[in-house]
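Peer 1: no sequence for this one, just the structure:
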């Protein structure tokens with residue numbers, strides 16, 4: 001999931017497309033609802049860019065409490081927003097990071 005197909009800038013979009021080519025289903029929209037779906041075990045991954053701290057701080061707490069991982073696109077904590085990668089588990093997170101940065 002991502003909020004809109006034009007993720008971030010042109011470079012961000014190329015990085016996002018590497019992941020998008022590997023997933024079974026690609027969906028746009030949902031905003032915060034997509035993060036709730038990760039926490040509920042309904043989806044595996046959300047990738048976004050341009051988030052503010054208020055967009056991601058609550059979802060970080062919910063996803064991590066459910067066993068998921070939320071970082072920036074380099075695998076660092078992202079409490080201030082920016083480029084965000086949220087995954088249901090460590091394996092999916094690592095694979096997405098490798099694709100984003102490969």
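Peer 2: Right, received. Where do you want to start? Every value quoted in this text rests on a predicted model; they were computed, and no experiment measured them.
Peer 1: Which stretches in the protein count as strands?
Peer 2: For the chain, the strands defined by DSSP state E cover 45-51, 69-71, 82-87.
Peer 1: remind me which residues of the protein are low pLDDT?
Peer 2: Across the chain, the ranges flagged by pLDDT under 70 are 1-8.
Peer 1: if we can go back for a sec, let me have the strands of the chain in CSV, extended by mean neighbour count and distance to residue 27.
Peer 2: Placement of C-beta: from N, CA and C, glycine included. Shown next, in CSV, are those (neighbours: other Cβ atoms under 10 Å; distance: least, Cβ to Cβ, whole Å):
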stretch, mean neighbour count, distance to residue 27
strand 45-51, 22, 10
strand 69-71, 21, 18
strand 82-87, 22, 14
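Peer 1: Looking at the ones you listed, which is nearest to residue 22?
Peer 2: When the strands of the chain are compared by Cβ to Cβ, strand 45-51 sits nearest residue 22, at 10.0 Å.
Peer 1: next one: that closest one to chain centre, how far?
Peer 2: 4 Å (Cα atoms, centre = their mean, to the nearest Å).
Peer 1: And for stretch 45-64?
Peer 2: For stretch 45-64, the distance to the chain centre is 8 Å (Cα atoms, centre = their mean).
Peer 1: And for stretch 13-33?
Peer 2: Distance, centroid of stretch 13-33 to centroid of chain: 9 Å (Cα atoms, centre = their mean).
Peer 1: which parts of it are buried?
Peer 2: Neighbour-count burial for stretch 13-33, counted by 16 or more other Cβ atoms under 10 Å, picks out 15-16, 19.
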